[in-house]
Each structure stands twice: as structure tokens, then as C-alpha cells.
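**Student:** what's the 3D shape of this:
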Amino acid sequence: MAPAPRQPFLRGVCWEGSGEIDSTNLDPLVRIRANWISQTPFGWQRDLNAPEIRVSYGRPHRWGGFWGESDEGIAATTRWAHARGIHVLLKPHIWTRGGWSGTIAMKSERDWATWFAAYREFILHYADLAERSQAEALAVGTELGGTSKRER
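**Tutor:** This next block holds a predicted model:
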């Protein structure tokens, strides 16, 4: 059996999706020979026990939402990265007040059901966006260790 072909080294950068940019903002990545970026849109939880996940999808809300984390910003940044030969990992993430998202814990079965329904909606939205924008990879369940024993 022939050995597996050697895979290229991943030279990745976590791309900050902040204010509105243009395609030239990615040019420094070419200079450092980056071949991957991760983009991290956020869902927000009031605290570790709150079953609701708030997501702006780029619409202005009082709890945040930068252009670079909006659907429009993610799609544009992905397009610009691809034009430079850079692959994209879309890494949706839950941000919680008062602790680390790996310790999310609901207080009741009903809250767990609500949380999983909200997370499903959240992650499926970004799965659809990843597919439409042709991102090469999608991370699911980032830092959600505390929920893994509760899988539905």
C-alpha cells in the first residue's frame, strides 16, 4: 500500500470579525503565508444556566454584533480569503456571562430542551451559511463539554 499523500501544513489565523473592512485587510495574511482563517460568530447566553441563546446575525442589538460576525461580513470575508487562496473554518461559539461555556448547566429538563432547541437553530444557521459561502470547515460544539453528556 502506498503511503498517504503528505498534507500541507496548516498556517492558520483566528480572524477577528470586528468593524466593516474591505478585501485589502486580508493582504497581510498572504504576506505571512497563512492558508487558513477561522471566523467566530457568537451567540450570547445571559449566564451559564440561561436556556436562551441570543444571536444578532449582524442586526444591531444592544448586546453586540460586529459587521465581521454578521452573515454579510462572514460571507464577504470568506470570499476575499478564497480569492487569496486561503481556506475558511467557520467556528460559531457561545459566549456566556459569569463563566466558561464549557460549564453550561441547565436547572431543569425543560431548560435543557429549550437550550438544545436554541443551539440547534444557532448551529444550523451557521451550517447553512458555511455551505452557501463555501467555507471548507465548520466547527460544532466549540467548548461545550458540559453539554456533551446531555446530547439529544
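**Student:** going by C-alpha atoms from here, please, whenever you check contacts or count neighbours.
**Tutor:** Noted.
**Student:** ok, and what's touching the helix ranked longest in the chain?
**Tutor:** Ordering each helix of the chain by length in residues (DSSP state H) puts helix 109-133 first. By C-alpha atoms under 8 Å, 6 or more residues apart in numbering, the surrounding residues in contact with helix 109-133 are 43, 50-53, 55, 71, 75, 78-79, 90, 92, 106, 136-138, 140, 152.
**Student:** buried only: go through these for me.
**Tutor:** 43, 50-53, 55, 71, 75, 78-79, 90, 92, 106, 138 (16 or more other C-alpha atoms under 10 Å).
**Student:** strands - which of those residues land there?
**Tutor:** 43, 90, 138 (DSSP state E).
**Student:** min pLDDT across those residues, which one?
**Tutor:** Lowest pLDDT among these: Gly43, with 92.
**Student:** any idea how far that residue is from Ile86?
**Tutor:** Distance check for Gly43 against Ile86: by C-alpha to C-alpha, to the nearest Å, it reads 25 Å.
**Student:** repeat that for Arg120.
**Tutor:** 28 Å.
**Student:** quick one: the helices in this structure?
**Tutor:** Using DSSP H, helices in the chain cover 27-31, 71-83, 109-133.
**Student:** could I get the average pLDDT for the second one?
**Tutor:** The average pLDDT for helix 71-83 rounds to 95.
**Student:** that one: how far from the chain's middle?
**Tutor:** 13 Å (C-alpha atoms, centre = their mean, to the nearest Å).
**Student:** can you check stretch 137-152 too?
**Tutor:** That offset, for stretch 137-152, works out to 13 Å (C-alpha atoms, centre = their mean).
**Student:** for it, buried residues please.
**Tutor:** Buried, per 16+ other C-alpha under 10 Å, within stretch 137-152: 138, 147.
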